[in-house]
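# Got a sequence here, can you model it:
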Amino acid sequence: MDFAAQSTLEVGLLSDTHVPYRMKELPRTVLDALDGVDLILHAGDVDKPAALDLLRELAPVFAVRGNVHVLDLSTGGASLPASLELCLAGRSVIVTHGSIRGLSSLWFKGRDVILRLLDASEKARFNARVAQRLRALHPCADIIVFGHTHRAFTECVGDTLLVNPGAVCPTLREVPTVARMTLNDDNVQVHVMTLDQPGSW
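Below is the predicted model of the structure:
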């Protein structure tokens with residue numbers, strides 16, 4: 001299918017599945033929530049790329065790598081690309097995990113762990129910081145899909161829509177989520193769905 005030429009697309013979005021290190025397999029609720037989409041974007045921390053096979057039974061999957069998790073002995077899916085640039089329904093879409101690369105990432109990861117342990121972590125601000133940085137890195141993108149923070153986020157920064165579908169894996173003080181994004185000639189709609197309350201879809 002030529003996704004660039006389609007006038008309407010239903011896109012499944014997910015991130016931070018962490019299979020098999022934090023979850024043995026993808027929950028059935030993920031597959032139910034994304035059933036019927038035209039394609040799926042995974043914004044990193046797959047851990048083992050073979051975990052994407054179940055999603056491929058639903059639709060074509062485009063996935064990026066996440067960040068290194070030393071305690072999990074995980075590279076975050078290092079065989080996957082760091083980012084993807086796609087044209088979907090005439091729009092420029094960037095998919096990236098959103099984490100900072102290199103040695104500085106270890107400092108930021110350590111800081112985030114300490115803040116979380118102290119119950120001083122503010123995910124809303126974390127999402128906003130990541131969104132601003134990604135917008136500066138990709139100023140021509142219409143849509144940027146990212147993960148990493150384990151909290152869903154949807155916001156326009158300038159002319160760019162930034163979307164984080166949240167995390168599938170269980171996370172302290174967060175509800176597991178995925179999202180569906182509808183692209184058509186007129187607009188873009190994003191619907192975040194919680195995985196523990198199927199009736200709320």
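
# quick one: low-confidence parts of the chain?
Regions of the chain meeting the criterion pLDDT under 70 cover residues 67-77, 100-124, 197-201.

# Helices of that one, start to end?
28-34, 53-56, 103-117, 123-137 (DSSP state H).

# what about stretch 159-176, how long is it end to end?
28 Å (Cα to Cα, to the nearest Å).

# can you pull out the strands in this protein?
Under the criterion DSSP state E, the chain contains strands at 9-14, 39-42, 61-63, 83-88, 91-96, 143-145, 153-157, 160-164, 177-183, 188-194.

# relative to strand 177-183, how tilted is the fourth one?
This means strand 83-88. Compare the direction of strand 83-88 with that of strand 177-183 by axes from the mean of the first three to the mean of the last three Cα atoms, to 10 degrees and you get 40 degrees.

# Note down every partner strand of strand 83-88 and its orientation.
Using DSSP bridges, the strands paired with strand 83-88 are strand 91-96 (antiparallel).

# What residues of the partner strand count as buried?
Buried residues in strand 91-96, counting neighbours by 16 or more other Cβ atoms under 10 Å, are found at 92-96. Every residue, glycine included, has its C-beta placed from N, CA and C.

# Likewise for stretch 170-180?
In stretch 170-180, counting by 16+ other Cβ under 10 Å, buried: 171, 174, 176-180.

# Using a markdown table, please lay out those together with distance to residue 34.
Shown next, in a markdown table, are the buried residues of stretch 170-180 (distance: Cβ to Cβ, whole Å):
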| residue | distance to residue 34 |
| --- | --- |
| 171 | 19 |
| 174 | 19 |
| 176 | 13 |
| 177 | 12 |
| 178 | 6 |
| 179 | 9 |
| 180 | 7 |
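
# Between those, which sits nearest residue 11?
residue 180 (7.0 Å; Cβ to Cβ).

# contacting residues around that closest one?
By Cβ atoms under 8 Å, 6 or more residues apart in numbering, the residues touching residue 180 are 10-13, 33-34, 37, 190-191, 193.

# how far away is it from residue 57?
Separation of residue 180 from residue 57 (Cβ to Cβ, to the nearest Å) stands at 17 Å.

# Kindly report the same for residue 1.
Counting by Cβ to Cβ - residue 1 and residue 57 are separated by 16 Å.

# one step back: distance to residue 20 added to the contacts of residue 180, as a markdown table?
Output for those, formatted as a markdown table (distance: Cβ to Cβ, whole Å):
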| residue | distance to residue 20 |
| --- | --- |
| 10 | 28 |
| 11 | 26 |
| 12 | 21 |
| 13 | 22 |
| 33 | 20 |
| 34 | 20 |
| 37 | 24 |
| 190 | 29 |
| 191 | 28 |
| 193 | 23 |
